[in-house]
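S.K.: I would like the atomic coordinates for the input below:
(one chain, ligands or ions: 1)
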Amino acid sequence: MPAIRAGLVGVGPVGDRIYTCVKERNFDLAEPLRVMATRERHEVLGGDEVLVKQIAPELFDGLDVVFFAGREGAKGASVEWGKVAIDAGAYVIDNGGDFRLDPDIPLVIPEVNMDAVSAATRFICSPNCSTIQMCVALAPLYRVAKIERIIVSTYQAASGWGARGQEELNSQIGQLARGEVTEWDPAVFTKPLALDCIPHIDAFLDNLYTKEEMKMLYETRKIFADPDLAITATAVRVPVEIGHSESINIEFAAEMNAEMALEILRDPDQSPGVVVIDGPTTDPNYGTVRDQADPSKQPWAGHRYIDERGYPTQADVLRDEFKDAVLVGRVRDDVTRPNTINLWCVSDNLRKGAATNVVQIAEEMIQRGIIP
Ligand SMILES: NC(=O)c1ccc[n+]([C@@H]2O[C@H](COP(=O)([O-])OP(=O)(O)OC[C@H]3O[C@@H](n4cnc5c(N)ncnc54)[C@H](OP(=O)(O)O)[C@@H]3O)[C@@H](O)[C@H]2O)c1
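M.R.: As a prediction, this is how the structure comes out:
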């Protein structure tokens, strides 16, 4: 395969992870990654000291692909510079939300819908971090039994807000540890995040959902090419630095139960990118009956207590082996509805939720001969 020339716009937490992923995945680069942001300086990215150049049209000359990890909005990086990159001959892969729902622009998760990209596609969007991990976990199940309805609650890390979100949480934790009153910048989180959960991510809309919650509906419908898919979401910011978790209730159109779901999710061919961390569900010898005050009056009378079960948490995605995975656990039948299950999933919002996904898209485009 020929060597490629690649660029990176934005050096916040996502830009840092893109730089790291490109380095880790041994891309055949004809020249060092061309790194750009709003002003010139040196930054440490992926452990290297890197010259960050002030973004300018000539920096896109000769690039085959540009990863965008800038801020969103009218003055955001891909709105201002996406077309400049394309006119210079590059493919653009964007982390931001400005173009995700444009019907002419594919919204891509390589494990789910890579075929949405063709050589004619010059601009490719990567979904929101919460959407990515949910779709990686659910696409294998959707393929088998089609999903009708999803109820999801998210537990999202401070770094989902960018570098400032992470700094805000860390400085509040420091203040609490020193016994000081917590200060906060309401432009980042509306309340102090340390020791609290905030059910508010992105702007409120007139239907009383937040934009983050509606993104999960519209983006997932687009990725699964299913305009009728019902999704209702509650997105919550939690005092965790990195790693989003989600509690998901999934109702299927055809037969599905927890045992079937676990078998599918444990099969790497059917479920690429998924790692199941879950305890045994069917071993009748596993677990104990504990003394209860009057078991006959308790709804859980006759249930065994399961002493040990594995499940993933946000700390797991910081482990090297899981840094690019979507971890799934707590897979169980919804005891109130047929063909309905619950599961819990966790992923690194900065890696698979952003950087890894865009780097994988480029990797696939190279393998398919689209780039260069
Ligand atoms: N954080 C997450 O979990 C996550 C997940 C999925 C997607 N995303 C998306 O990924 C993008 C980057 O996220 P982040 O958390 O790394 O953001 P961030 O901390 O705000 O960093 C943004 C970077 O983009 C640069 N930038 C902003 N506007 C620019 C412009 N007009 N031209 C050139 N550079 C510009 C900034 O430059 P300076 O450093 O010079 O100011 C900064 O380096 C955002 O669009 C975000 O929505 C983030």
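
S.K.: ok, which stretches of this structure are helices?
M.R.: With DSSP state H, the ranges of helices along the chain come out as 13-24, 77-87, 110-113, 129-145, 163-177, 211-223, 258-266, 356-367.

S.K.: want to throw these into JSON lines with mean neighbour count and distance to the ligand?
M.R.: Placement of C-beta: from N, CA and C, glycine included. Below are these laid out as JSON lines (neighbours: other C-beta atoms under 10 Å; distance: least, C-beta to the nearest ligand atom, whole Å):
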{"stretch": "helix 13-24", "mean neighbour count": "24", "distance to the ligand": "3"}
{"stretch": "helix 77-87", "mean neighbour count": "19", "distance to the ligand": "4"}
{"stretch": "helix 110-113", "mean neighbour count": "20", "distance to the ligand": "15"}
{"stretch": "helix 129-145", "mean neighbour count": "24", "distance to the ligand": "4"}
{"stretch": "helix 163-177", "mean neighbour count": "17", "distance to the ligand": "4"}
{"stretch": "helix 211-223", "mean neighbour count": "22", "distance to the ligand": "10"}
{"stretch": "helix 258-266", "mean neighbour count": "19", "distance to the ligand": "23"}
{"stretch": "helix 356-367", "mean neighbour count": "22", "distance to the ligand": "8"}
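
S.K.: Make a markdown table out of these and add mean pLDDT and distance to residue 184.
M.R.: Formatted as a markdown table, the helices of the chain follow (pLDDT from 0 to 100; distance: least, C-beta to C-beta, whole Å):
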| stretch | mean pLDDT | distance to residue 184 |
| --- | --- | --- |
| helix 13-24 | 96 | 19 |
| helix 77-87 | 96 | 27 |
| helix 110-113 | 98 | 37 |
| helix 129-145 | 98 | 22 |
| helix 163-177 | 95 | 7 |
| helix 211-223 | 98 | 19 |
| helix 258-266 | 96 | 39 |
| helix 356-367 | 97 | 30 |
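
S.K.: would you turn those into a markdown table with distance to residue 40?
M.R.: Below are the helices of the chain laid out as a markdown table (distance: least, C-beta to C-beta, whole Å):
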| stretch | distance to residue 40 |
| --- | --- |
| helix 13-24 | 15 |
| helix 77-87 | 16 |
| helix 110-113 | 33 |
| helix 129-145 | 29 |
| helix 163-177 | 18 |
| helix 211-223 | 33 |
| helix 258-266 | 46 |
| helix 356-367 | 24 |
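
S.K.: Okay, now the unreliable bits of the protein?
M.R.: 1, 280-309 (pLDDT under 70).

S.K.: contacting residues around the residue in it positioned nearest to the ligand?
M.R.: Residue of the chain nearest the ligand, by C-beta to the nearest ligand atom: residue 12 (2.3 Å). By C-beta atoms under 8 Å, 6 or more residues apart in numbering, the residues touching residue 12 are 69, 162-163.

S.K.: now swap in residue 268 and tell me
M.R.: residue 274.

S.K.: Could I get the phi/psi values of it?
M.R.: phi -60, psi -20 (degrees, to the nearest 10).

S.K.: tell me which parts of the stretch 201-350 of the chain are close to the ligand?
M.R.: By the rule C-beta under 6 Å from any ligand atom, the part of the stretch 201-350 of the chain lying against the ligand is 349-350.

S.K.: what distance separates the start and the end of stretch 310-325?
M.R.: Terminal residues of stretch 310-325 lie 16 Å apart, using C-alpha to C-alpha, to the nearest Å.

S.K.: Buried residues in it, which are they?
M.R.: 312, 314, 316-317, 322-325 (16 or more other C-beta atoms under 10 Å).

S.K.: With respect to residue 92, which of these is nearest?
M.R.: For those, the minimum distance to residue 92 (C-beta to C-beta) is 22.2 Å, reached by residue 324.

S.K.: which residues touch residue 228?
M.R.: residue 221.

S.K.: Now do it against residue 152, distance only.
M.R.: 17 Å (C-beta to C-beta, to the nearest Å).

S.K.: the strands in this structure, which residues?
M.R.: 6-9, 34-37, 41-45, 48-54, 65-68, 91-94, 123-125, 147-156, 230-237, 244-252, 274-276, 326-333, 340-347 (DSSP state E).
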